Structures are given as structure tokens and as C-alpha cells.
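A.B. asks: Give the three-dimensional model of this entry:
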Amino acid sequence: MPPTSAAIDHYENFPVASWLCPPRLRAPIAAIYHFARTADDIADEGDAPPGERLAQLAAYRRDLHAVADGQAPSAHWARIFEPLAAQMRAFALPVQPLDDLLSAFAQDVAKTRDGAAYADYPELLDYCRRSANPVGRLLLHLYGVQGEQALRESDAICTALQLINFWQDLSVDIPRGRYYLPLAECAAHGIDIRQPARDFAALRPDEKTTKLIAATASHARATMRNGLKLVHRVPGRAGWELRAVAQGGLRTLGKVAALGGQALRQRPRLGRADAPLIGWRMLWM
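C.D. replies: Coordinates of the predicted model:
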């Protein structure tokens, strides 16, 4: 979706600009969004085999490093990298977070190809470090918010949003061969799944899966709470954008927890009826 003066769409849990975003930051956020959205499409969309997807992501990474070094990108993705290069120069955007995103997308392809799941939370959180946290760090860079505490809080919020997205999308991801429930957590709840992890497709809503999802929801909620003080560090309208993203994520998580094991069959969604509660919670932050 092309950016407009009023809004920029989001991919998954990308906490990007709405009308609350400072106007001067809409162009760099749009450039980052389109970079990430295109890479995500390479990893996810269409019928290309995994090897071809990985080759395309490798070529995409070469273009990233080319523009970071002041060189021209290939013609294939010029519409993505020329605007991104301009914003990298204008705002001194660091290349490492962008490279980390590509590493995560490539990992998605490899995991799906191999039918593999994440062994435990440390492995899953390392994936979140590259798939979600770079977005928050780039936004903090644009907002001029510095300091290790702010970075830790941003990482906590972005990781929590990624985890919430996983637990919201169980009914979508498992049939596609995306297995994010950590095997160690499954085993702790009496669910024995071995690699390759295609046995996830046989999971049914029951007492064990309900307790498993309750535990994963609790973990994500605690992670989010570790970062919520960041809303007081991010200035102006951007701080309200962050409040909306965080409270929207927590509201979604509440719906996941309420579904329990049924989250394996049903994807919870936010609707207009959720807006008053989210707005009230934003104010109380």
C-alpha cells in the first residue's frame, strides 16, 4: 500500500506512522516500511520454492549494502532502495537493524522449509531480536530518543508485539508450516512434539493446549510491561502512537488468552468496539 499524507499501513506488528506521526518522519518511516514489507513478501508470498526465496533475499541484502556504501542499487528493487537510500542519508539511519530484519526473514524461509520449530524461549527471543526489535530501534533513532534504558524498553515492547502476533496467528501459521510455540514450553505442559514439528497440525483445543496458550500469553504480557515506561520517553504525538500500539497489542493478547486452546482454530481480531477500552487505557498510562 503506498504511503499517503494521512497514514502508512503496517505489516504484522510494525508500529508505524498514523496521523499521530510527526509529518517530518513520515517519509523515512514509509521507506523503512516498504523495505520491510517487500522483504516479507519475498519470504512469504507467491509460489516460489525456498531456495529461490533465499536467493532473492540474498540479492536484496546486496542492494541494501550497496546503497549503504553510496552505490546504486540494482534495477530490480530501485523503487525500494532509492527512497530508502535518500532517507538513510537524511537521517543517518543505521544499516544493522535493516540487515537484522533480512536475517529474520531468511530464517523464516529456512524454518518453514525444514518443518522446524523453536526449541525454547531463548531461541525464539533471538528471532524476535532480529524480526521485531530493529523496527523499534529505528523509530527511536528517528525520534531522537537515546540511552540504553530506552533501547531495552523498546526491545521489550517490540518483542512482546511479535509474540502477541504469533499467538494471535496460531490458526494461520501452523497450517503454513510456521511453528512458533517453543518445544520446551510444549513439553512443560505435557505436549510432546519432536522435530520436524509437523505434529503441531494435530493439536486440538483441550486442557493442555489451553494451559500452554495461557502460559505463552502471560509471558508476552510480562514482556510488554517491562517496556511500557518508554511511552513517557517518546515525545509528543509519537508517544501517543506508542501507547495505542502497546494497548492494542495487550487487548489482542487478552482475546487470545480468553480463547485458550480455541486460538488454534480461531484468530482473534480487534474491532471498533475495542476502541473505547484501548483509548481509556492509553489515557491511564
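
A.B. asks: backbone phi and psi for Gly177, please?
C.D. replies: phi 80, psi 20 (degrees, to the nearest 10).

A.B. asks: May I ask which helix or strand encompasses the closest residue to it other than its chain neighbours?
C.D. replies: In space, and not counting its chain neighbours, Gly177 is closest to Thr112: 4.6 Å by C-beta to C-beta, 6 or more residues apart in numbering. (C-beta placed from N, C-alpha, C; glycine too.) Assigned by DSSP states H and E, Thr112 belongs to helix 96-114.

A.B. asks: Check Ala119 too.
C.D. replies: Applying DSSP H and E, one finds Ala119 in no helix or strand.

A.B. asks: Now for it: which residues touch it?
C.D. replies: Ala119 makes contact with Pro182, Leu183, Ala184, according to C-beta atoms under 8 Å, 6 or more residues apart in numbering.

A.B. asks: In ChimeraX, how would I select the buried members of those?
C.D. replies: Listed next is the ChimeraX selection for buried residues among the contacts of Ala119, using 16 or more other C-beta atoms under 10 Å:
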select :182,183
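
A.B. asks: could you point out the longest helix in the chain?
C.D. replies: Looking across the chain with DSSP state H, the single longest helix is helix 236-259.

A.B. asks: what mean pLDDT would you report for that helix?
C.D. replies: Mean pLDDT, helix 236-259: 93.

A.B. asks: can you pull the buried residues of it?
C.D. replies: 237-257, 259.

A.B. asks: And for stretch 49-62?
C.D. replies: Buried residues in stretch 49-62 (16+ other C-beta under 10 Å): Pro50, Arg53, Leu54, Gln56, Leu57, Tyr60, Arg61.

A.B. asks: hey, C-alpha coordinates of it in CSV?
C.D. replies: Output of stretch 49-62 as CSV, limited to C-alpha atoms (Å, rounded to 0.1, in the frame of the first residue of the first chain):
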residue,chain,number,x,y,z
PRO,A,49,10.4,-22.6,-3.7
PRO,A,50,12.5,-21.9,-0.6
GLY,A,51,15.8,-21.9,-2.5
GLU,A,52,14.6,-19.1,-4.8
ARG,A,53,13.3,-17.1,-1.9
LEU,A,54,16.6,-17.3,-0.1
ALA,A,55,18.5,-16.3,-3.3
GLN,A,56,16.2,-13.3,-3.7
LEU,A,57,16.7,-12.2,-0.1
ALA,A,58,20.5,-12.5,-0.6
ALA,A,59,20.2,-10.3,-3.6
TYR,A,60,18.0,-7.9,-1.7
ARG,A,61,20.7,-7.7,1.1
ARG,A,62,23.3,-6.9,-1.5
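
A.B. asks: What is the three-state secondary structure of the closest residue to Asp192 other than its chain neighbours?
C.D. replies: With C-beta to C-beta, 6+ apart as the criterion, Asp192 has its nearest non-adjacent residue at 7.4 Å, and that residue is Cys186. Secondary structure assignment for Cys186 (DSSP: H, G, I helix; E, B strand; the rest coil): helix.

A.B. asks: what about Cys186, how many residues close to it?
C.D. replies: 22 (other C-beta atoms under 10 Å).

A.B. asks: same deal with Val172?
C.D. replies: For Val172, using other C-beta under 10 Å, the count is 10.

A.B. asks: measure Tyr60 to Asp47 for me?
C.D. replies: Per C-beta to C-beta, to the nearest Å, Tyr60 is found 18 Å from Asp47.

A.B. asks: Same question for Ala75.
C.D. replies: The value you get for Ala75 to Asp47, if C-beta to C-beta is used, is 24 Å.

A.B. asks: related to what we said a few turns ago, what residues of the helix holding Thr112 count as buried?
C.D. replies: Here helix 96-114 shows 97-98, 100-102, 104-109, 111-112 as buried, counting by 16+ other C-beta under 10 Å.

A.B. asks: same check, this time on stretch 144-161
C.D. replies: Val145, Ala150, Leu151, Glu153, Ser154, Asp155, Ala156, Ile157, Cys158, Thr159, Ala160, Leu161.

A.B. asks: which residues sit against it?
C.D. replies: Stretch 144-161 has contacts (C-beta under 8 Å, 6+ apart) with 13, 15, 125, 128-129, 132-133, 135-137, 139-140, 220-221, 223-224, 226-230, 233-235, 242, 245-246, 249.
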